[in-house]
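# fold the following, please.
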Amino acid sequence: MKEYLLVFRAIEGANRRNDAERIVSMEEWKNWIGGIAATGKFIGGQPLQAGGRLMTSTGITDAPFAEGKEVLNGYVILKADDYKEAEQFSKGCPILQDKGGSLEIREIAKMEM
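Alright, predicted model coming up:
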């Protein structure tokens, strides 16, 4: 079994929600992640705070970054047999309902120590 990282991105400000909508959204996320957890394939994940810093060879930049309006919202790490299974888990992700929302799936490489 392999491990996969699901990275969630959205367009900053494109999906503003009032308090009631935020509650509904959080329930959708809990249900989606709970579904993965019920299969025993959820490893972990968290939402990310707004802001942050980007480090490059030329220095450090505070968020928001000038490169674009896309923001990194969070991540999940899960176990799957292959990309096809990871894609099946991803299909119900709430970020895909958001305007400009996207989900990137990456296999986590094993690092020899």
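# can you tell me the element the closest residue to V7 other than its chain neighbours falls in?
Leaving aside its chain neighbours, V7 sits nearest to E104 (4.3 Å; criterion: CB to CB, 6 or more residues apart in numbering). (Each C-beta comes from the backbone N, C-alpha and C, glycine too.) Counting by DSSP states H and E, the element that carries E104 is strand 102-107.
# partner strands of that strand, parallel or antiparallel?
Taking DSSP bridges as the criterion, strand 102-107 forms sheet pairs with strand 2-11 (antiparallel).
# residues in contact with the strand it pairs with?
The set of residues external to strand 2-11 that reach it, using CB atoms under 8 Å, 6 or more residues apart in numbering, is 43, 45, 69-83, 86, 89-90, 93, 95, 98-108.
# run the angle between the very next helix or strand once past it and strand 2-11 for me.
Heading C-terminal from strand 2-11, the first helix or strand you meet, by DSSP H and E, is helix 19-38. Put simply, helix 19-38 runs at 170 degrees to strand 2-11, going by axes from the mean of the first three to the mean of the last three CA atoms, to 10 degrees.
# centre of the chain to helix 19-38, how far?
13 Å (CA atoms, centre = their mean, to the nearest Å).
# list the buried residues of that helix.
Buried positions in helix 19-38, judged by neighbour count with 16 or more other CB atoms under 10 Å: S25, W29, W32, I33, I36.
# which strands or helices does it pack on?
The contact analysis (3 or more CB pairs under 8 Å, 6 or more residues apart in numbering; DSSP states H and E) places helix 19-38 against strand 42-47, strand 70-80.
# I'm done for today, thanks for sticking with me.
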